[in-house]
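**Q** missing the sequence, but the structure's below:
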């Protein structure tokens, strides 16, 4: 099956500044895909290139089987990083207008818009001007305007920023529902927890270059596993254990030992018992995507 | 195409719903009516001027009669001078006696203020008139008194030549049997009001074109700035192409301008039917249609509006506040104002070489050629300027589309180098 989005050696240069450098990745249809990276990594530029808003300096892009996003724009839903709507428009007018631009007849868009707004708890605000809505409500409305035409591919640029925890949770549910419906969802974020919970695959971007491309588990594997240790021991005693690469101690005296790649926690534990170290805590902590993010981007 | 129409429709309706649009729709004709009739109403409602005459020239009642004859009813009242001024034996003494009255420090016996005093000296056939007025700017009063003085002196001199008043009046009333002809006039070449109608229509349309262009371009500029600052442009760009957005916005505001034009035009025709001599409105409409002014107006309006609207949209795409836009809008507004200086001349002497040359300068072409339309410029001039406008508008729209695309997604602070760099880099 063709990829919903495929970038091949895509670069973008603004004068002397290389915003994106030879970026390649594929997004399988029907999947939730995370596009990760620190601020200024080139995520928004890459999304704009994918959408045909900005032309790449080099490389090729295929989106929903087309080499030009503008030809398939009716099948794409897009939520930009910097959000905003017409201040005098009401939410239902906004949904009808933007869905209309994607080819949805006004009557259908209105029907869908009402249902979606009500589902998001915006039924009462439906006919109030946007300028009278709270920031969170306005963000929800904008998300609905991006989805009302039932797109096959949904691209959300930093969709969680500015949302409170309840709305973040509600957005995660919405993204899962979109994928269940069969849509491909690509979202960019620099908050790893969302990606960890939602994504099947992630691409990590750092300084315009791809730092990682794979599953969340594969990303986690790139970061060292850690041991959390407590007891009347010294750093040197811990460092002497097999597989331990580095030890740090926090203010409370809790030690964190990083394991070398391939090292087994079981071997370290056995060596600690054999050496008779008086440990009161020995906890194996699997790396999070956040840990992987730090490791994968720090060298970039 | 449907996206273009959707954007146009949103643009049109969003302004149509604002109270500002309806206010401007009503206020513009009101301002026109006020500027036309305002001075007349003001003059009519002004208090009657009170004038006194002290006659050391022994001109007699002739001056009083002449002044009364030259003033409209309710405009002026001549009263006897205050006693101390009447008793003065010299013009200087009279002036000194009148001073407090003219300055407003003293009032006449009936409690009124004195607005002016004419002190006549010399002789009846060579008057010296010293007019003292309370209002320096009241040139109406000074004009009436000066004309009356001239009339009295002329009558005196004619009397010295034994020409009586009746003969003098008949001489002064003599006019040639004047007829004006022009090969361009209808009906045997004799020029009538109907023949002059196209000139008035062309002048009105050139003004209308200018107002619509300025209004439309201003609306577009603010609309794009609002979309840029509200971050709507990026969503629009992901939903429609640049030509669709640009075209939709320009078309929507053009429809708005057309609504204004129809309303104002209708109001103008209604005013002509109500207040002008019978048949004037019909003659005007006939002139606009038969002379082809309407067609020329439409062609120059479309091209001129497209050119200026595209420029303003492109500028708006780079700016988040109107203040940022001022850097470029200022010079363009000055450029837009320049043809207005030549507009009256373009009506009176459309064949002035300077105007013929200026009409080929695309930023001026729509206004000057519309104004010159009534004089029937040669076909090659119309065709040539239209062709040049088509070419210029195409280039301007192309550049503006690139600038719009670059500016919409740019977060850089607006300045001229950024603007031109954006145009150069768009699409790469």
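**A** Nice, I can see it. Note that the coordinates shown come from a computational prediction; the quantities given were computed from them, not determined experimentally. Numbering: from 1, shown residues only, chains lettered A, B, ... in the order given.
**Q** Show the subsequent helix or strand relative to the helix or strand hosting residue A:108.
**A** For residue A:108, the element it lies in under DSSP states H and E is helix A:106-119. The C-terminal neighbour of helix A:106-119 among helices and strands, as given by DSSP H and E, is helix A:135-147.
**Q** Helices along the stretch 201-300 of chain A, start to end?
**A** With DSSP state H, counting those that start in this stretch as the criterion, the stretch 201-300 of chain A has helices at A:216-221, A:235-239, A:265-274, A:289-298.
**Q** Quick one: closest of these to residue A:155.
**A** The closest of the helices of the stretch 201-300 of chain A to residue A:155 is helix A:216-221. By CB to CB, the value is 19.4 Å. For every residue, glycine as well, the C-beta is placed using N, CA and C.
**Q** So for that closest one, what gets flagged as buried?
**A** Neighbour counts using 16 or more other CB atoms under 10 Å in any protein chain shown place A:216, A:219-220 of helix A:216-221 among the buried residues.
**Q** is it possible to export those to JSON lines including pLDDT and distance to chain B?
**A** Formatted as JSON lines, the buried residues of helix A:216-221 follow (pLDDT from 0 to 100; distance: CB to the nearest CB, whole Å):
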{"residue": "A:216", "pLDDT": "82", "distance to chain B": "28"}
{"residue": "A:219", "pLDDT": "82", "distance to chain B": "29"}
{"residue": "A:220", "pLDDT": "81", "distance to chain B": "33"}
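**Q** what's the closest non-adjacent residue to the residue of chain A found nearest chain B?
**A** The nearest approach of chain A to chain B comes at residue A:84, 3.3 Å away (CB to the nearest CB). Using CB to CB, 6 or more residues apart in numbering or on different chains and skipping the chain neighbours, the partner closest in space to residue A:84 is residue B:231 (3.3 Å).
**Q** In this structure residue B:97 contacts residue B:91, no?
**A** No - if you go by CB atoms under 8 Å, residue B:97 and residue B:91 don't touch, sitting 10.6 Å apart.
**Q** More neighbours: which of these two?
**A** Per other CB atoms under 10 Å in any protein chain shown, whichever of residue B:97 and residue B:91 has more neighbours is residue B:97, with 20 against 17.
**Q** Quick check: phi and psi on that one?
**A** As for residue B:97, its main-chain torsions (degrees, to the nearest 10) stand at phi -70, psi -30.
**Q** now swap in residue B:131 and tell me
**A** Torsion angles, degrees, to the nearest 10, at residue B:131: phi -100, psi 120.
**Q** quick one, domains of the chain?
**A** Went with chain A since none was named. In terms of domains, chain A is parsed into A:5-220, A:223-298 (source: automatic domain parsing).
**Q** that's the other chain; I wanted chain B
**A** Structural domains assigned to chain B are B:48-170, B:192-425, following automatic domain parsing.
**Q** okay, these in TSV with mean pLDDT and distance to residue A:39 next?
**A** Formatted as TSV, these follow (pLDDT from 0 to 100; distance: least, CB to CB, whole Å):
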stretch	mean pLDDT	distance to residue A:39
domain B:48-170	89	67
domain B:192-425	83	14
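**Q** Pick the most deeply packed of those domains.
**A** domain B:192-425 (a mean of 19; mean count of other CB atoms under 10 Å in any protein chain shown).
**Q** From the contact counts, what lies against the strand or helix carrying residue B:225?
**A** Using DSSP H and E, residue B:225 sits within helix B:193-229. Where contact means 3 or more CB pairs under 8 Å, 6 or more residues apart in numbering or on different chains; DSSP states H and E, helix B:193-229 is packed against helix B:233-239, helix B:242-275, helix B:280-290, helix B:293-317, helix B:322-348, helix B:365-372, helix B:379-408.
**Q** got the residues of chain A near chain B?
**A** A:14, A:48, A:51, A:53-55, A:57, A:70, A:73, A:76, A:78, A:80, A:82-89, A:97-98, A:100-103, A:142, A:145-146 (CB under 8 Å from any CB of the partner chain).
**Q** and residue B:190, how many residues sit next to it?
**A** Counted with other CB under 10 Å, residues neighbouring residue B:190 total 12.
**Q** Can you name the residues that contact it?
**A** By CB atoms under 8 Å, 6 or more residues apart in numbering or on different chains, the contact set of residue B:190 is B:179-181.
**Q** now the residue in the stretch 51-200 of chain B that chain A sits nearest to: how far from residue B:193?
**A** Of all residues in the stretch 51-200 of chain B, the one sitting closest to chain A is residue B:200 (40.1 Å; CB to the nearest CB). Separation of residue B:200 from residue B:193 (CB to CB, to the nearest Å): 9 Å.
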